[in-house]
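Undergrad: how would this look folded up:
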Amino acid sequence: MANLLEELEAQIEGAKRPAGWENVGVIREIGDGVAKIEGLTDAMLNEMIDLGHGITGLALNLEETEVGVIILGDYTRLEEGDEVRTTGKLLEVPVGMGLLGRVVNTLGEPIDGKGPIQSDVAYPVEKMAPGIIRRQSVSQPVQTGIMSIDAMIPIGRGQRELIIGDRSTG
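TA: Coordinates of the predicted model:
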């Protein structure tokens, strides 16, 4: 009996988890891809929200008592009263050479059936654009292959300047 008690105590000691803090809320209202969630007191603007069932949402409307979340997935699987959690991460998508030739959804998750994306770098979706000086100048013409569009609308590759027309009116 003493041996059994010692084994149980050892298993209990091994099962202890460090104390953690999670921001948990409840879906109050849901409809047409938008959910109103109560209880997410520390949600950030553009934060990814874990709605359960493998569905992610984006916190956009922050109010005192509730958070408006856009659901980035199949919202028909969610129900009022479901528990949701904040992730602490702003909306970000994977980037890199692993995305070449792949078909992804809005979160950068593959939907082409070729397995996971090989990328260890993710960039935030909302990020400051580089300054004008750092941008590449227009360096070469870009042609669409449709003669009427190419003749009427000159398009250049680059972002800094493309001045066309009389007296630089564009």
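Undergrad: Let's test this: what are the backbone torsions at the closest residue in space to residue 45 that isn't next to it in sequence?
TA: The shortest distance from residue 45 to any non-neighbouring residue, by C-beta to C-beta, 6 or more residues apart in numbering, is to residue 62 (6.1 Å). In this view, the C-beta of every residue, glycine as well, is placed from N, C-alpha and C. Backbone torsions for residue 62, taken as degrees, to the nearest 10, come to phi -100, psi 120.
Undergrad: And residue 62, how close does it get to residue 92?
TA: Using C-beta to C-beta, to the nearest Å, residue 62 is found at 19 Å from residue 92.
Undergrad: Okay, now the sheet partners of the lowest-mean-pLDDT helix or strand in the chain, with direction.
TA: Least confident helix or strand of the chain, by mean pLDDT, DSSP states H and E, is strand 155-157 with a mean of 75. Note on strand 155-157: by DSSP bridges, its sheet partners are strand 140-142 (antiparallel).
Undergrad: What residues sit buried inside the helix ranked longest in the chain?
TA: Using DSSP state H to define each element, the chain has its longest helix at helix 2-15. Counting neighbours by 16 or more other C-beta atoms under 10 Å, one finds that helix 2-15 has no buried residues.
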